[in-house]
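# Got a sequence here, can you build the structure:
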Amino acid sequence: MTFGRARIGIDVGGTFTDAILVDGAGRLLSAKAFTTPTDRSQGVIDAVRAVMTQGSLAPQDVRDIVHGSTTGTNALIERAGARTGLLTTAGFRDVLEIGRVMRPMEGIYDMSVDRPPPLVPRRSCLEAIERIGAQGEVLLALDERSVERAAEIFAQQEIEAIAICFLFSFLNPDHERRAAEILARRLQHVPISQSHQISPEYREYERASTTVMNAYLAPVMGDYLDRLKHRLASELGRATIFVMQANGGATTVDSARTRAVATVNSGPAGGVVAAAWYGRQYGRERIVSVDMGGTSFDIGLIECGVSQVTTEGNFQGLPVKLPMLDLHIIGAGGGSIAWVDSAGALNVGPRSAGADPGPACYGRDGQNATVTDANLVLGRLDPISFHGGNTKLDAAAARTVIAPIAERLRLSVEEAALGVIKVVNANMVKGIATVTVQRGIDVREFSLLSFGGAGGLHAVDLARELEMREAIVPPLPGVFSAIGLLVADVRHDFVTALGGLTSTSADPDELERRFQAMESSARQTLQAEGFDDLAIDLIRSADLKVAGQTYELTVPLPQGAPVTAKGVSALVEAFGKLYRERYAFFFEGEPIELVNLRVAAFGRNASIKLPRFDGEALAPRTSVRPVYFEKLGYVDTSVFQRERLRPGIRLAGPAVIEEATSATLIPPGMSADVAPDLGLFLRVES
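Numbers count the residues shown, from 1 in each chain. A predicted model of the protein is given here:
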């Protein structure tokens, strides 16, 4: 692909929509606009206009836009997707209801917690008479009349999207394809998702859940992308639109429309990609990335400089079997609402004030106390310079909404505000422990990379609670996830199910042929999107498991070398090593099954560079204001403007570093070193 024109990354959050622009000269510009919940495409246009105005760019100067979408995520949260029907093999109508007969892990001991209801009610789960065997053989031919009867019922129910999931269709998709043809003939303009196209892997429930979710979201994503494409075409002409995926790679609008489920959580995925990219520049290859925005707190894990990918995820408690970044998201952000329960205990979240009305201090008729209000009361935020001076904060309104909480807890307003901060910090620490400590990972060996509009204010407190020695606040933290959209490559994932071959019975030549078939499809897909061979990377991996066990581990293969008998043995050995690392033991001598072959296909985009600054001295200190700290009360605190800092400076706490999209707090006794790109590396003392 050719490079030299401007590219824009857009991350739609719960409160703000962030834009980051890099032009042909390498300039990096950022802007924020309020998210518009009733039509999020309007907030995208507002952010695009703002960042283009900064750069004095004309529409023809923009080559492409990479968009992290929350449309699918919000549709799942609100249960606002399409009216969906499921067609499955006769006898498997209740696959969504039965599931795995497992209780949610978050409430395994809470008898009031139940699994979320399926996206398709039982009356809309219909059966087709057919059966494919476990080796892909036809045991019972498709009864087309049963599909036609299902089509009539779907029509009567005014179904808006259909998912087809037949038993073992990942080994032989002929019946699914024919059923789709029959349904499409009767139900024109109704999108149909076929499981062998969406998730061609074994595990019937997970595959059905993933396919149903794709069908549920496809009309919603299609409508949103059509509106966005039309608006951006009016605004920018022929600029290409890419959509971020949950796997950490971008894709085309057409692909996002047909594989809508792959776009869920795409905004948070951008943040993890950016964190891995930034960490590699400074030799930090083990990172816990945390993005604290207005609504959520997104946690990602980076090891060996690479964001971790899983094929066993879930959205809103429903399983999804697709390659995706290993993310954990909780309701803890600047807009999270503080409240006192019936027992008199202070709680924060998961409800959020969102973008409308937002925290009380935004002056938009918000009536609830939030984390942002608490930070303002404590002096951590400047009411004049917030959001680059574009949003004036109302400190009196913040004190007014916190006062009832303080009165009920018999505390001062400042003590109550500090309590709000401590509770939300505890929630975030618990969330981080879920993806680290609870998996046997020693979080003390990692750096905490904290970003998002509110991330810098809480970074040191979180790192200290987790006994981490370093917290990093990167440049442009308030729009850092949008940077991840620009550094992300285009990505497509291909998978071939093997039907449970053992490592001893697998034919290396057949494995190589299957890899080559996937790689051929991958090259054709990326070439059609404008990538030449030099910009295409294909990464092989395989899913293996101990025979008789349920779950598998994904093991990378050496790149550039064909599969041989010796290579299969090396693969099994690598699986055993990974198994020991994960579970501390291994079943020596047990047969190993090869479950799936995978190819991750990357179309490499040009990298961007953050601005570097020389050490020319400026007067970085601009003012002093009182900030409230636990046990100390109000302390005179130095306030710095981040753009006036220079590399090599060490800032001693207490201090606040302010910038257009965020602020960073250095508590008393702590210090921060300023990196060449003005990144802040905070030393955390216990």
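# Please, where are all the strands along the stretch 201-350 of the chain?
Remark: strands assigned in the stretch 201-350 of the chain by DSSP state E, counting those that start in this stretch are 240-244, 250-252, 287-292, 297-303, 306-307, 309-310, 313-315, 318-320, 324-325, 327-330, 336-340, 346-352.
# So which other helices or strands are in contact with the first one?
Taking 3 or more C-beta pairs under 8 Å, 6 or more residues apart in numbering; DSSP states H and E as contact, the helices and strands that strand 240-244 lies on are strand 62-68, helix 204-236, strand 250-252, helix 253-258, helix 266-281. Heads up, the C-betas are built off the backbone N, CA and C, glycines and all.
# Give me the buried positions along the longest one.
Along helix 204-236, these residues count as buried under the neighbour rule (16 or more other C-beta atoms under 10 Å): 204-222, 224-225, 228, 231-232, 235-236.
# Likewise for the last one?
Within helix 266-281, the residues scored as buried using 16+ other C-beta under 10 Å are 266-279.
# Tell me the one among the residues you listed nearest to R115.
Closest approach between those and R115, by C-beta to C-beta: P268, at 23.5 Å.
# how about the nearest residue to that closest one once chain neighbours are set aside, what does it touch?
Spatial nearest neighbour of P268, excluding adjacent residues (C-beta to C-beta, 6 or more residues apart in numbering): D298 at 3.8 Å. Contacts were defined as C-beta atoms under 8 Å, 6 or more residues apart in numbering; by that measure D298 touches 268, 271-272, 289-291, 327-329, 452.
# Which single one of those residues is nearest to D532?
Minimum distance to D532 across these is 28.0 Å, recorded for V272 (C-beta to C-beta).
# okay but the closest one is in contact with H328, surely?
No - using C-beta atoms under 8 Å, V272 is not in contact with H328, being 10.7 Å away.
# before we move on, the earlier item: nearest to I8, out of the strands of the stretch 201-350 of the chain?
strand 240-244 (10.0 Å).
# what kind of secondary structure is the residue sitting furthest away from the middle of the chain in?
Going by C-alpha atoms, centre = their mean, the residue of the chain most distant from its centre is R145, 42.3 Å out. Following DSSP: H, G, I helix; E, B strand; the rest coil, R145 is assigned to helix.
# Just give me the neighbour total for the nearest residue to G548 once chain neighbours are set aside.
Distances taken as C-beta to C-beta, 6+ apart place E590 nearest to G548, at 7.8 Å, with adjacent residues excluded. Number of residues near E590 (other C-beta atoms under 10 Å) recorded here: 12.
# Enumerate every residue touching E590.
When contacts are counted by C-beta under 8 Å, 6+ apart, E590 touches 546-548.
# mind putting those residues in a markdown table, pLDDT and secondary structure included?
Listed next are these as a markdown table, based on pLDDT from 0 to 100; DSSP: H, G, I helix; E, B strand; the rest coil:
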| residue | pLDDT | secondary structure |
| --- | --- | --- |
| V546 | 92 | strand |
| A547 | 89 | coil |
| G548 | 86 | coil |
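# re the thing from before, so can I have a markdown table of the helices and strands packed on strand 240-244 showing mean pLDDT?
What follows is the helices and strands packed on strand 240-244, written out as a markdown table (pLDDT from 0 to 100):
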| stretch | mean pLDDT |
| --- | --- |
| strand 62-68 | 91 |
| helix 204-236 | 93 |
| strand 250-252 | 92 |
| helix 253-258 | 92 |
| helix 266-281 | 92 |
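# Any idea which of those gets closest to L126?
Closest among the helices and strands packed on strand 240-244, using C-beta to C-beta: helix 204-236, at 12.8 Å.
# between that closest one and strand 62-68, how many degrees?
150 degrees (axes from the mean of the first three to the mean of the last three C-alpha atoms, to 10 degrees).
# between helix 204-236 and strand 240-244, what angle do the directions make?
150 degrees.
# can you list residues touching both of V272 and H328?
Counting by C-beta under 8 Å, 6+ apart, the residues touching both V272 and H328 are 298, 300.
# can you dump the C-alpha coordinates of stretch 144-161 into CSV?
Output of stretch 144-161 as CSV, limited to C-alpha atoms (Å, rounded to 0.1, in the frame of the first residue of the first chain):
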residue,chain,number,x,y,z
GLU,A,144,-35.3,-29.6,2.4
ARG,A,145,-38.9,-29.6,3.3
SER,A,146,-38.0,-29.2,7.0
VAL,A,147,-36.0,-26.1,6.1
GLU,A,148,-38.9,-24.7,4.1
ARG,A,149,-41.2,-25.2,7.1
ALA,A,150,-38.7,-23.4,9.3
ALA,A,151,-38.6,-20.6,6.7
GLU,A,152,-42.4,-20.2,6.9
ILE,A,153,-42.3,-20.0,10.7
PHE,A,154,-39.4,-17.5,10.7
ALA,A,155,-41.5,-15.4,8.3
GLN,A,156,-44.5,-15.5,10.6
GLN,A,157,-42.4,-14.5,13.5
GLU,A,158,-41.0,-11.6,11.5
ILE,A,159,-37.4,-12.7,12.1
GLU,A,160,-34.8,-10.1,11.2
ALA,A,161,-31.7,-12.3,11.2
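# Grab the nearest non-local neighbour of A416.
A406 (3.6 Å).
# cool, and V290?
Once flanking residues are discounted, V290 sits nearest to S450: 5.1 Å by C-beta to C-beta, 6+ apart.
# ok, that neighbour - contacts?
Listed by C-beta under 8 Å, 6+ apart, the contact partners of S450 are 290, 292, 456, 458-459, 462, 471-473, 477.
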